[in-house]
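Engineer: Predicted model, plus sequence, below.
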Amino acid sequence: MRASAYPLVDAGAAAALVLAHAPVLGAERVPLSDCPGRVLAEELVASAPLPAFPSSAVDGYAVRAVDGGKSLRVVGESAAGRPFDSKVQPGTAIRILTGGVLPDGTDCVVMVEDVELSGEVVKIPAGLVAGQNFHAPGADLRAGEEVLRAGTVLGAAEIGLAAALGRADLPVGRRPRVALLSTGDELVEVGKKPARGQIPDSNRWALLAALRDAGAEVRLLGIGPDEPEALRRLVVDALEGADVLVTSGGVSVGTHDLIKPLLESLGDVHVGRVKLKPGKPFTFATIPARMRVSAPHPGPPPDGGREKVAFGLPGFPVSSLVTFEVFVRPALRKMQGYSQLQRPTLPVRLGYDARATADRTEYQRVTLRREGRDLVGVSTGSQSSSRLMSLAGAHALVRIPPGDQGIKEGTIVEAMILALP
């Protein structure tokens, strides 16, 4: 064992440092079918009005408002995709279906329920108003109008708008390519029987789910060896095609904790310890595109020389996932061009006495329930960093500032929302 040479960095300062170094990866064009959940990289502007033509909002008859109260001869039909292409003369009407083009010469639509039909003659009510019961061109969007801002997350409505404007593909933020590695000779693959002193590698699968949820493309590197040169070769090879390295374990001060020395040799370690509970050993580094390796790489560095970022997450399961939420997820969102980087927060009334840690900010796991107008946060039980059950089913993380007072039950606090009940 050895004492850490890294200073304890304030959690807020560490988060700001991570975001300052996280690069925006740029844009790529993808078909609409691949756009759900992606981030729009450029503003979307309407190139034409929407709707492009006057279209009926109801089934009925297209007429002139001045012919209200008269009996009119029905001389044709306008259906969706099959317009009536002649100009309508006074004293006549056109049968029109929802979505049909309003024929030239008419200025309103009368609902079928409001007329009397006798053969091919329709009697329409008096008091008609021009413009009723149809959608005018540009009623939804005018040509040149901004439709969606850059940074918008593309959901069903946004993709529908793009399709309505005739856009078959869109520019979106590139997904980060992440190399994910677990470390520790005590780990065995899930499904294999652990020997004495061994445990299944649960962190890799938890982090894989978290990374994919954050929009990353993930390459699994398996379990890294507790041997410096073999670990170095594995990481260097993986980083050739990755933007981000995420590891779990190996960031404490034991003789087998090799991640910090490895990151020091490849780049610059900006955070080696953080004033956070759980997650004190969290490590953040940047690595030049042309890494510090013994043999030079031929040709230009990938991505135009953009540096890579590396996150060394603690080995305890809760520490790993909490530091992911606080530091890694916002960075991945910035890299994709999200305008909103953080989880949403809501005011929550504490349903328990929250004890504080003297020198570290603590994120406590809570479930939420509704009591009147308040959301009440209830502790998930023991907050041990090894107890993954404290996160399973948790709806929020409550930030408890350092100190010796804690926060009393009934106090309104700000909670980071993971999921709503």
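Structural biologist: Structure's in. What do you need? Residues are numbered from 1 along each chain as shown.
Engineer: Would you map the helices across the chain?
Structural biologist: Secondary structure of the chain (DSSP state H): helices located at 11-21, 156-164, 203-213, 228-239, 259-266, 317-323, 329-336.
Engineer: just these: most buried one?
Structural biologist: When the helices of the chain are scored by mean count of other Cβ atoms under 10 Å, the highest mean neighbour count falls to helix 317-323 (a mean of 26). Yep, even glycine has a C-beta here, placed from its N, CA and C like the rest.
Engineer: Need the residues that contact that one.
Structural biologist: Helix 317-323 is contacted by residues 202-203, 206-207, 210, 248, 274, 276, 278-282, 311, 313-314, 363, 365, 383-388, 390-391, 397 when judged by Cβ atoms under 8 Å, 6 or more residues apart in numbering.
Engineer: Stretch 162-169 now?
Structural biologist: Under the criterion Cβ under 8 Å, 6+ apart, residues 29-32, 35, 44, 46-48, 50, 141, 147-148, 154, 170 lie in contact with stretch 162-169.
Engineer: so how far is Ala415 from Ala310?
Structural biologist: As judged by Cβ to Cβ, to the nearest Å, Ala310 and Ala415 stand 30 Å apart.
Engineer: if we can go back for a sec, Throw together a PyMOL command that grabs the buried residues out of the contacts of helix 317-323.
Structural biologist: This is the PyMOL syntax for the buried subset of these, where burial follows 16 or more other Cβ atoms under 10 Å:
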select buried, resi 203+206+207+210+248+274+276+278+279+280+281+282+311+313+314+363+365+383+385+387+388+390+391+397
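Engineer: The contacts of stretch 162-169, buried ones only, as a PyMOL selection?
Structural biologist: To isolate the buried ones among the contacts of stretch 162-169 in PyMOL, judged by 16+ other Cβ under 10 Å, type:
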select buried, resi 30+35+44+46+50+141+147+148+154+170
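Engineer: In strands, which of the contacts of stretch 162-169 fall?
Structural biologist: Within these, residues falling in strands by DSSP state E are 29-31, 44, 147-148, 170.
Engineer: List just the nearest of those to Ile94.
Structural biologist: Proximity of the ones in strands among the contacts of stretch 162-169 to Ile94 (Cβ to Cβ) peaks at Val147, which lies at 32.1 Å.
Engineer: Check the spacing between the closest residue in space to the closest one that isn't next to it in sequence and Leu154 real quick.
Structural biologist: Nearest non-adjacent residue to Val147, counting by Cβ to Cβ, 6 or more residues apart in numbering: Leu44, 4.4 Å away. For Leu44, the distance to Leu154 equals 10 Å [Cβ to Cβ].
Engineer: tell me, what's touching those two both at once?
Structural biologist: Counting by Cβ under 8 Å, 6+ apart, the residues touching both Leu44 and Leu154 are 162, 170.
Engineer: The residue nearest to Val147: what's it in contact with?
Structural biologist: Leu44 neighbours (Cβ under 8 Å, 6+ apart): 146-148, 161-162, 165, 167, 170.
Engineer: If we use 7 Å, what do you get?
Structural biologist: 147-148, 162 (Cβ atoms under 7 Å, 6 or more residues apart in numbering).
Engineer: same deal with Pro23?
Structural biologist: Contacts of Pro23 (Cβ under 7 Å, 6+ apart): 306-307, 335.
Engineer: next one: Leu276
Structural biologist: Leu276 neighbours (Cβ under 7 Å, 6+ apart): 11, 282, 326, 360-361.
Engineer: Let me have the residues you listed in CSV, extended by distance to Gly222 and pLDDT.
Structural biologist: Shown next, in CSV, are the contacts of Leu276 (distance: Cβ to Cβ, whole Å; pLDDT from 0 to 100):
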residue, distance to Gly222, pLDDT
Ala11, 31, 96
Phe282, 22, 96
Val326, 26, 98
Arg360, 32, 96
Thr361, 33, 95
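Engineer: mind listing which of those residues are in strands?
Structural biologist: Short answer: the contacts of Leu276 in strands (DSSP E) are Thr361.
Engineer: Contacts for stretch 257-269, please.
Structural biologist: 183, 226, 228, 231-232, 235, 247, 250-251, 272, 283, 285-288, 291-292, 310, 312.
Engineer: meant to ask about stretch 410-418
Structural biologist: Residues outside stretch 410-418 that contact it (Cβ under 7 Å, 6+ apart): 343-350, 366, 377, 394-399, 407.
Engineer: Give me the buried subset of these.
Structural biologist: 343, 348-350, 366, 377, 394-399, 407.
Engineer: Let me know the pLDDT of the closest residue to Val129 other than its chain neighbours.
Structural biologist: Setting aside the residues directly before and after it, Val129 is nearest to Ala65 in space (Cβ to Cβ, 6+ apart), at 6.0 Å. If you check Ala65, the pLDDT there is 97.
Engineer: need the contact list for Ala65.
Structural biologist: Per Cβ under 7 Å, 6+ apart, neighbours of Ala65: 107-108, 128-130.
Engineer: shaky segments in the stretch 151-300 of the chain?
Structural biologist: Regions of the stretch 151-300 of the chain meeting the criterion pLDDT under 70 cover residues 253-256, 291-300.
Engineer: number of nearby residues for the nearest residue to Gly68 once chain neighbours are set aside?
Structural biologist: Residue nearest to Gly68 in three dimensions, not counting chain neighbours: Leu128, with 3.8 Å by Cβ to Cβ, 6+ apart. When neighbours are defined as other Cβ atoms under 10 Å, Leu128 has 21 of them.
Engineer: hang on, the earlier thing: state the distance from the residue nearest to Val147 to Phe316.
Structural biologist: Taking Cβ to Cβ, one finds Leu44 at 44 Å from Phe316.
Engineer: ditto for Asp374
Structural biologist: For Asp374, the distance to Phe316 - Cβ to Cβ - is 32 Å.
Engineer: So which of the two has more stuff around it?
Structural biologist: Phe316 (21 against 15).
Engineer: which residues does that one contact?
Structural biologist: Applying Cβ under 7 Å, 6+ apart, the residues contacting Phe316 are 278, 385-386.
Engineer: For those residues, give me TSV that also has distance to Pro194.
Structural biologist: Converted to TSV, these look like this (distance: Cβ to Cβ, whole Å):
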residue	distance to Pro194
Pro278	23
Ser385	20
Ser386	16
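Engineer: between the residues you listed, which is nearest Ala16?
Structural biologist: The nearest one, if we look at the contacts of Phe316 relative to Ala16 and count by Cβ to Cβ, is Pro278, at 20.2 Å.
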